[in-house]
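S.K.: Prediction below, plus the sequence it came from.
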Amino acid sequence: QVQLVESGGGLVQAGGSLRLSCVVSGRIFGSYAMGWFRQAPGKEREFVAGITLGSGSRSYADSVKGRFTVSRDNAKNTMYLQMNSLKPEDTAVYYCAAGASIVVLMSRRAEYWGQGTQVTVSS
């Protein structure tokens with residue numbers, strides 16, 4: 001059974017940092033691109049960042065470029081999202097996802113999703 005479990009969310013002041021983790025079980029981590037999405041209240045889920053299987057390519061939403069960094073440790077079946085210089089508009093539930101490629105992820109056609117972790121940035 002495939003499971004994606006996010007952790008690391010919480011409440012932080014504007015300008016602060018958080019690191020999210022996504023642990024993947026079910027022997028898929030070595031076969032899929034991975035990505036982070038977020039969904040704020042009343043808004044659609046949006047792509048935040050993605051990383052290919054071998055970490056050779058990473059993509060970011062324009063709104064987080066220069067502030068967020070996605071990485072993965074294939075030996076630990078874990079993906080990370082380092083979030084710096086957080087803004088109130090980053091407040092959302094953050095989800096990790098696995099898909100065939102970053103392009104597939106960006107079109108929101110991920111095959112697997114986590115349950116999400118709440119990130120709240122206070123002003």
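M.R.: In hand now; what should we look at? What you are looking at is a predicted structure, and each value in this text was computed from that prediction instead of being measured.
S.K.: any idea how far the closest residue to Arg19 other than its chain neighbours is from Ser25?
M.R.: In this structure, Arg19 finds its nearest non-sequential neighbour in Gln82, 5.0 Å apart by Cβ to Cβ, 6 or more residues apart in numbering. The way it works is simple: take the backbone N, C-alpha and C, and place the C-beta from them, glycine included. The gap separating Gln82 from Ser25 is 22 Å, by Cβ to Cβ, to the nearest Å.
S.K.: neighbour count winner among these two?
M.R.: Gln82 (15 against 12; other Cβ atoms under 10 Å).
S.K.: For the protein, which segments are assigned as strands?
M.R.: Applying DSSP state E to the chain gives strands spanning 3-7, 10-13, 18-25, 33-39, 46-51, 58-60, 68-73, 78-83, 92-99, 112-113, 117-122.
S.K.: Now that we have those strands, can you turn them into JSON lines and tack on mean pLDDT and distance to Leu105?
M.R.: Shown next, in JSON lines, are the strands of the chain (pLDDT from 0 to 100; distance: least, Cβ to Cβ, whole Å):
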{"stretch": "strand 3-7", "mean pLDDT": "96", "distance to Leu105": "13"}
{"stretch": "strand 10-13", "mean pLDDT": "98", "distance to Leu105": "25"}
{"stretch": "strand 18-25", "mean pLDDT": "96", "distance to Leu105": "13"}
{"stretch": "strand 33-39", "mean pLDDT": "97", "distance to Leu105": "4"}
{"stretch": "strand 46-51", "mean pLDDT": "96", "distance to Leu105": "5"}
{"stretch": "strand 58-60", "mean pLDDT": "96", "distance to Leu105": "8"}
{"stretch": "strand 68-73", "mean pLDDT": "95", "distance to Leu105": "11"}
{"stretch": "strand 78-83", "mean pLDDT": "97", "distance to Leu105": "12"}
{"stretch": "strand 92-99", "mean pLDDT": "97", "distance to Leu105": "4"}
{"stretch": "strand 112-113", "mean pLDDT": "95", "distance to Leu105": "11"}
{"stretch": "strand 117-122", "mean pLDDT": "98", "distance to Leu105": "18"}
